[in-house]
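>>> Got a predicted structure plus its sequence, pasted below:
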Amino acid sequence: MANIHSFESLAALDGEGIRFDVFFTGCPLRCAYCHNPDTWHKSDKDMTPRQVYEKARRYKPYFKNGGGVTFSGGEPLLNADFINEIYPLLRDDGIGYCLDTSGSVPLTDSVKQAIDNADMVILDIKFHNPRDYKKYTGGEFDRFMDVGRYCSSQNKRLWLRTVIVPGINDTARDIEEYARLVSGFKFEKYELLGFHTMGFFKYDNLGMPNPLRDTKALDKSKLDELQHYLDSLVL
């Protein structure tokens, strides 16, 4: 049984092809720039692996060109046991899955199994040093590094992502540090995402303080400039 925040059908940005996204509740991080703080809290949807599988299988006709299920959140690897239970159901129906994770959990045997069975992993690289990682997420820096190293050691298909926040990690020096940090990983691509303010209303609705309320969205031209520089360093 797992607590589910929501589903998104026919998604196209969370892995290859058309995806059926499963968003779990619960996250060990408290990122200052989180745009889904509503996933921090439990919902009224407790579901079994069979129930989630039955919803996902309806979209199988769309799972072409590498499509499938994406487990996201929240932090999906908090539910590694659940993912390991649903895996045989998906596998026997010819449906693969992707993990969209911050890698913010200990690398237990159960987590390794969930990674091993995944078609691919999207790993969120939040900050390039332990100080800022702790300051802006409250989490443990070494955990996502362990996940990245494990994926690389197993030759797991790996995509990397980083949210760029104005005034926090948006300099050329930051990009150089990110490139250095992941130099030991085996990955297919590294995508930068621009900080946006579209989730600000959720903080208001939940009565929660928004640490970055006065921060503006990252300008697209700035994002493109930083992405181009990153590509020149890692590709």
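The structure has been received and is ready for your questions. As the structure is a computational prediction, the values presented were derived from the model and not from experiment. Numbers count the residues shown, from 1 in each chain.
>>> how distant is the lengthiest helix in the chain from the center of its chain?
Counting residues, the longest helix found in the chain (DSSP state H) is helix 220-234. Centre-to-centre, helix 220-234 and its host chain are 20 Å apart (C-alpha atoms, centre = their mean, to the nearest Å).
>>> again, but for stretch 195-204
18 Å.
>>> quick one: buried residues of that stretch?
195, 202-203 (16 or more other C-beta atoms under 10 Å). C-betas here are computed from N, CA, C, even on glycine.
>>> Strands - which of these land there?
Among these, no member falls in strands (DSSP state E).
>>> Output those in TSV, with pLDDT and distance to residue 45 appended to each entry.
TSV is the format used below for the buried residues of stretch 195-204 (pLDDT from 0 to 100; distance: C-beta to C-beta, whole Å):
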residue	pLDDT	distance to residue 45
195	95	29
202	91	18
203	91	22
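>>> My guess is residue 19 contacts residue 98. True?
Yes - between residue 19 and residue 98 a contact is recorded at 7.1 Å, counting by C-beta atoms under 8 Å.
>>> Are there residues contacting both of those two? Which ones?
Listed as contacting both residue 19 and residue 98 by C-beta atoms under 8 Å, 6 or more residues apart in numbering are 68-70.
>>> By neighbour count, sort out the buried ones in those.
Buried, going by 16+ other C-beta under 10 Å: 68-70, out of these.
>>> For residue 203, list the residues it contacts.
37, 209-210, 213.
>>> 10 Å instead, please
Counting by C-beta atoms under 10 Å, 6 or more residues apart in numbering, residue 203 touches 34-35, 37-38, 209-213.
>>> Settle this for me: residue 186 is touching residue 123, isn't it.
No - using C-beta atoms under 10 Å, residue 186 makes no contact with residue 123, being 11.6 Å away.
>>> so what sits against both of those two?
148, 151, 156, 158.
>>> isn't the first one right next to residue 161, touching?
Right, the one you point to is residue 148. No - under the criterion of C-beta under 10 Å, residue 148 makes no contact with residue 161, lying 11.9 Å away.
>>> higher neighbour count, these two?
residue 148 (23 against 16; other C-beta atoms under 10 Å).
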